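Trainee: For reference, the sequence and a predicted model appear below.
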Amino acid sequence: MSPKAPIMCINVSWKSWLLVCLAVFPAAWLSAQSGGPGFWDTPDSLNKGRFWAATGTGIVIYSGTVIGLNQLWYKDYPRTSFHFFNDSKEWQQMDKAGHMFTTYFESDWIYHVAQWTGMKRESSIWTGAIVAVGLQTTIEVLDGFSSGWGFSMYDMAFNICGAGLWAGQQAGWNEQRFRLKVSSTYRSYPEDPIYGTPGGTTTLMERTDDLFGENIFQSFLKDYNAQTIWLSVNLHSLMKEESRFPKWLNLAVGYSAENMFGGFENKWEKDGNTFQTSDADYPRYRQYIFSPDIDLSKIKVKSKPLKVLLGMANIFKIPAPALVVNGHGGVKWDWIYY
């Protein structure tokens, strides 16, 4: 997808998490009034107060999000008949990795909310995966009616893969041995002049401010150059149970890309002029990173609120030493990779 894609991918996930949070709090109040389990406790059977509060709040927030996107996000682009868009080669496939990550962690969070309502385990798994894919499908359908984008079958495929990766493990092992995570760092880009055709001057700083935003929060959501998507493997879970290998220690393999200042190529138009970066100065390439990680869900804590917070934070890869292998023929060691 276009520069909008990272916003849709990550921002929709953030809204889904907001949906989850806002669904939980009114449900907790209702369950407390009915003498049900405490806020942090999982009931043995379906708690109707929690279930209907979570469902109702979720529907309201979902509807509001769709209306808001439709009015604010797509209003500057003419509506068209439903159409498809092939974005398989955009952003060195970083947006596809982002789609997979998004539905993965949406599935996980929604599953835990379903469990919190007292829903049975199998039903919670189906709920997590189906709702996560449904949230992302909404965005794809809206894209399909917009002249600025289109329905991407590749996005949908990776959305389904993310939910499938999570659901398959949860159903088969009742745990996540292979977790998808994300990391990102704020980038500062050069201010050297770039001359356009037939005229005009700009800089990479101006270009990236237009594409990725001007602050750390926007950069985290939108800058594919700054993002890394990780597959974090819990090694102990692949060993015998009696192994003394630390249960919390993971090995993570990351995927990222560099020097991307456009979806397909580093060429863009501004104020009637065409600008382009040199492939010699800014070659687009992929990177593969190998680094230790921590599975925060394996850290034993007595506090239930702290356990929930660790579970929420477990979508982020911790900064750690890393071996970086790039597709441009380079290998380097980073003492701290974000």
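Mentor: Received it, and whenever you're ready, just let me know what you need.
Trainee: Just the residues contacting stretch 285-300, thanks.
Mentor: With contact meaning Cβ atoms under 8 Å, 6 or more residues apart in numbering, stretch 285-300 is reached by 92, 176, 179, 181, 228, 230, 232, 234, 236, 247-259, 310-311, 313-314, 317-318, 320-328, 337. Yep, even glycine has a C-beta here, placed from its N, CA and C like the rest.
Trainee: Narrow these to those that are buried.
Mentor: Buried residues within the contacts of stretch 285-300, defined by neighbour count using 16 or more other Cβ atoms under 10 Å: 92, 176, 179, 181, 228, 230, 232, 234, 236, 247, 250, 252, 254-259, 310, 314, 317-318, 320, 322, 324, 326, 337.
Trainee: Need the phi and psi values for the spatially most central residue of the chain.
Mentor: Geometric centre of the chain, nearest residue: Thr102, 3.5 Å, by Cα atoms, centre = their mean. Listed backbone geometry of Thr102 is phi -60, psi -50, with angles given as degrees, to the nearest 10.
Trainee: pLDDT score assigned to the spatially closest residue to Gln136 that is not a sequence neighbour?
Mentor: Once flanking residues are discounted, Gln136 sits nearest to Asn159: 4.3 Å by Cβ to Cβ, 6 or more residues apart in numbering. pLDDT, Asn159: 96.
Trainee: part of a strand, is Asn159?
Mentor: No. Counting by DSSP: H, G, I helix; E, B strand; the rest coil, Asn159 is not part of a strand but helix.
Trainee: does it really touch His99, like I thought?
Mentor: Yes. Under the contact definition of Cβ atoms under 8 Å, Asn159 touches His99, with a separation of 5.2 Å.
Trainee: For the two, indicate the residue with more neighbours.
Mentor: Using other Cβ atoms under 10 Å, the more surrounded residue of Asn159 and His99 is His99, with 32 against 27.
Trainee: does the more buried one really touch Ala163, like I thought?
Mentor: No. Using Cβ under 8 Å, His99 is not in contact with Ala163; the gap is 10.4 Å.
Trainee: can you give me the strands in the protein?
Mentor: Along the chain, counting by DSSP state E, strands occupy 178-184, 193-195, 201-203, 227-234, 249-258, 267-270, 273-276, 285-294, 320-326, 331-337.
Trainee: Where does pLDDT dip in the protein?
Mentor: Regions of the chain meeting the criterion pLDDT under 70 cover residues 1-37, 71-73.
Trainee: ranges for the helices of it?
Mentor: Under the criterion DSSP state H, helices of the chain are mapped to 4-6, 12-33, 48-68, 94-116, 121-144, 153-173, 204-212, 216-222, 304-313.
Trainee: could you check the angle helix 94-116 makes with the fifth one?
Mentor: Spelled out, that is helix 121-144. On the basis of axes from the mean of the first three to the mean of the last three Cα atoms, to 10 degrees, helix 121-144 is oriented at 140 degrees to helix 94-116.
Trainee: Could you pull out the buried residues of helix 121-144?
Mentor: Judged by neighbour count using 16+ other Cβ under 10 Å, the buried positions of helix 121-144 are 124-125, 127-129, 131-133, 135-137, 139-140, 142-144.
Trainee: mind listing what Lys247 touches?
Mentor: Taking Cβ under 8 Å, 6+ apart, we find Lys247 in contact with Asn234, His236, Ser237, Asp295, Lys298.
Trainee: Which one of those residues is nearest to Ile61?
Mentor: For these, the closest approach to Ile61 (Cβ to Cβ) belongs to Asp295, at 29.8 Å.
Trainee: Could you count how many residues lie near the closest one?
Mentor: Residues lying near Asp295 (other Cβ under 10 Å) number 25.
Trainee: wait, what's in contact with the residue lying closest to Lys270 once chain neighbours are set aside?
Mentor: Distances taken as Cβ to Cβ, 6+ apart put Thr202 closest to Lys270, at 6.1 Å, once the chain neighbours are dropped. Thr202 is in contact with Pro193, Ile194, Gly196, Lys270, Phe275, counting by Cβ under 8 Å, 6+ apart.
Trainee: Cross-check the contact I'm expecting between Phe261 and Trp268.
Mentor: Yes. If you go by Cβ under 8 Å, Phe261 and Trp268 touch, sitting 7.2 Å apart.
Trainee: can you list residues touching both of the two?
Mentor: Common contacts of Phe261 and Trp268, defined by Cβ under 8 Å, 6+ apart, comprise Arg207.
Trainee: what about the closest residue to Arg177 other than its chain neighbours, neighbour count?
Mentor: Distances taken as Cβ to Cβ, 6+ apart place Ser237 nearest to Arg177, at 4.3 Å, with adjacent residues excluded. Ser237: 19 surrounding residues under other Cβ under 10 Å.
Trainee: same question, Phe84
Mentor: A total of 13 residues lie near Phe84 under the criterion other Cβ under 10 Å.
Trainee: what sits opposite it in the beta ladder?
Mentor: Under DSSP bridges, the beta-bridge partners of Phe84 are Phe151.
Trainee: again, but for Asn234
Mentor: Bridge pairing for Asn234 - DSSP bridges - gives Asn250.
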